[in-house]
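Engineer: A structural model of the following input is requested.
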Amino acid sequence: MFAALCVASVVALALWRARDPRGVAAGALTREDDAAPLHRPTGPARPGELDARYTEILLPARYVSASECLRTQEPWVFRGLTHDAVTSVLAASGVDAAQVERSRSLSRCDASGCIVTPDAELIGSLSRVTRNALYTELARAKENRLHALSALRPVEIGPWTAMAHVNPRVRALIGRATWTLDGSYAFSDLSWLCNQLATDAERLEAVTTLYARYTLDASLRVPADGDLEPMVRYWSVGNVEAEVRAALTAARGGSLPVRSLLPAMARARLGQYPATSAPEYDCYWSSTRFFAGAAPTLDVPDVSRAEDYLASAYTEVTDDERRLGDLYVLRNTSTGDLVHMANHVAGDVVFTKNGRSHTRPWALMRLRDMRRIFPFTTTRVYRHR
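Structural biologist: Numbering: from 1, shown residues only. You can find the predicted model right below:
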């Protein structure tokens, strides 16, 4: 039962492709900077203190269509549970008694477990507290992909209902089904939402709203006095040391945008969506070309080439040793498969491209928020030799 369910999910989850960052495009992995070693200043290096707040990057309407508003309801998967055990989970989550009883008619069970295909009545009956409890439980199973890979929105930026441009009906329905996951707003009931909307215009607005992305507007505090050289050394990796020193000196007593201190590739793309005519850049391309200059090659590596390059050109370092451009490598906790790679910037800030999709921009994120996007993973840090 579950094998067939997972195959069906691939088709049903077309809209959520940008929340499923495991796909990669074929291509060779090459790097321009292999022939020209990075400038690595010697001596004590520290980044300084960052100030950061999330800002929204709205998705251009032409990047999506109303047809991407999924209408087929995804089931809830309860692996290894019986009918009675499933009803106990629902009741413990706060689902009211009448809906718990109705769930039996919406369920199919066999020796491997149960699936419940919720209808609009069941989904609409869930309170915020109940949704939080039940969906947090569902998110633990990879088969429940709309929950494990739900749309997320940082609490710092406010809920989707705070987006003033959104149609009141779309806003109300999204607000009704929003839940919270590890401190982020989450939304998983895409099919329910799309079936509640009456027009393609509303469905397009719903998709565009849930596809809104975020980046950190980060700045570096530059002290008014004291030795700047440790900061110069830190931010000079991959940059021209004299230019970094001049920028920091000119900003004494104030702040400097972190964007201006990033290497050319990252600086040019931060906060941008790839052009629809461009390759579907992913995390492997973006992270391994962090120091590749203003005009990196366009070849997008497949995961096997990324693994080979990681093994041959990188060495593991500790969290305490992290410096600009080091790789965060996220692997599936169970299988060890490579899931995601991103670059360390400073403090808890990373540079990341969260998925092979034109609807995923290059962004700065907090490390903890990036980890929420990639559940069931472990994280290690590597540096180019």
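Engineer: now do the same end-to-end measure for stretch 168-186.
Structural biologist: End-to-end span of stretch 168-186 (CA to CA, to the nearest Å): 19 Å.
Engineer: what are the contacting residues of that stretch?
Structural biologist: Identification of contacts with stretch 168-186 by CB atoms under 8 Å, 6 or more residues apart in numbering yields 123-124, 126, 128, 131-132, 135-136, 139, 150-155, 159-161, 163, 166, 187-189, 192-193, 196-197, 202, 205-206, 209-210, 368-369, 372. No exception for glycine: its C-beta is placed from N, CA and C like everyone else's.
Engineer: among the residues you listed, which are in helices?
Structural biologist: Within the contacts of stretch 168-186, residues falling in helices by DSSP state H are 123-124, 128, 131-132, 135-136, 192-193, 196, 202, 205-206, 209-210, 368-369, 372.
Engineer: which among these count as buried?
Structural biologist: 123, 131-132, 135-136, 192-193, 196, 202, 205-206, 209-210, 369, 372 (16 or more other CB atoms under 10 Å).
Engineer: and which of those residues is nearest to residue 260?
Structural biologist: residue 369 (22.9 Å; CB to CB).
Engineer: spit out the contact partners of the closest one.
Structural biologist: Shown in contact with residue 369 (CB under 8 Å, 6+ apart): 152, 154, 184.
Engineer: try it again with 10 Å
Structural biologist: Residue 369 is in contact with 54, 152, 154-156, 182-184, 214, 216, 348, 350, 352, 363, counting by CB atoms under 10 Å, 6 or more residues apart in numbering.
Engineer: in JSON lines: the residues you listed, plus pLDDT, neighbour count and secondary structure.
Structural biologist: As requested, the contacts of residue 369 are arranged in JSON lines below (pLDDT from 0 to 100; neighbours: other CB atoms under 10 Å; DSSP: H, G, I helix; E, B strand; the rest coil):
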{"residue": "54", "pLDDT": "93", "neighbour count": "19", "secondary structure": "strand"}
{"residue": "152", "pLDDT": "91", "neighbour count": "19", "secondary structure": "strand"}
{"residue": "154", "pLDDT": "90", "neighbour count": "18", "secondary structure": "strand"}
{"residue": "155", "pLDDT": "90", "neighbour count": "12", "secondary structure": "helix"}
{"residue": "156", "pLDDT": "88", "neighbour count": "15", "secondary structure": "helix"}
{"residue": "182", "pLDDT": "84", "neighbour count": "13", "secondary structure": "coil"}
{"residue": "183", "pLDDT": "82", "neighbour count": "12", "secondary structure": "coil"}
{"residue": "184", "pLDDT": "90", "neighbour count": "18", "secondary structure": "strand"}
{"residue": "214", "pLDDT": "93", "neighbour count": "20", "secondary structure": "strand"}
{"residue": "216", "pLDDT": "96", "neighbour count": "26", "secondary structure": "strand"}
{"residue": "348", "pLDDT": "96", "neighbour count": "15", "secondary structure": "coil"}
{"residue": "350", "pLDDT": "98", "neighbour count": "23", "secondary structure": "strand"}
{"residue": "352", "pLDDT": "98", "neighbour count": "28", "secondary structure": "strand"}
{"residue": "363", "pLDDT": "97", "neighbour count": "24", "secondary structure": "strand"}
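Engineer: how far away is the closest residue to residue 94 other than its chain neighbours from residue 53?
Structural biologist: The spatial neighbour of residue 94 that comes closest, neighbours along the chain excluded (CB to CB, 6 or more residues apart in numbering), is residue 130 at 3.7 Å. Residue 130 is 32 Å from residue 53, where distance means CB to CB, to the nearest Å.
Engineer: between the two, who's got more neighbours?
Structural biologist: Using other CB atoms under 10 Å as the criterion, residue 130 and residue 53 rank with residue 130 on top: 17 against 11.
Engineer: what about stretch 129-148, start to end distance?
Structural biologist: First-to-last residue span, stretch 129-148, CA to CA: 18 Å.
Engineer: so how far is that stretch off the chain centroid?
Structural biologist: In terms of CA atoms, centre = their mean, to the nearest Å, the centre of stretch 129-148 is found 17 Å from the chain centre.
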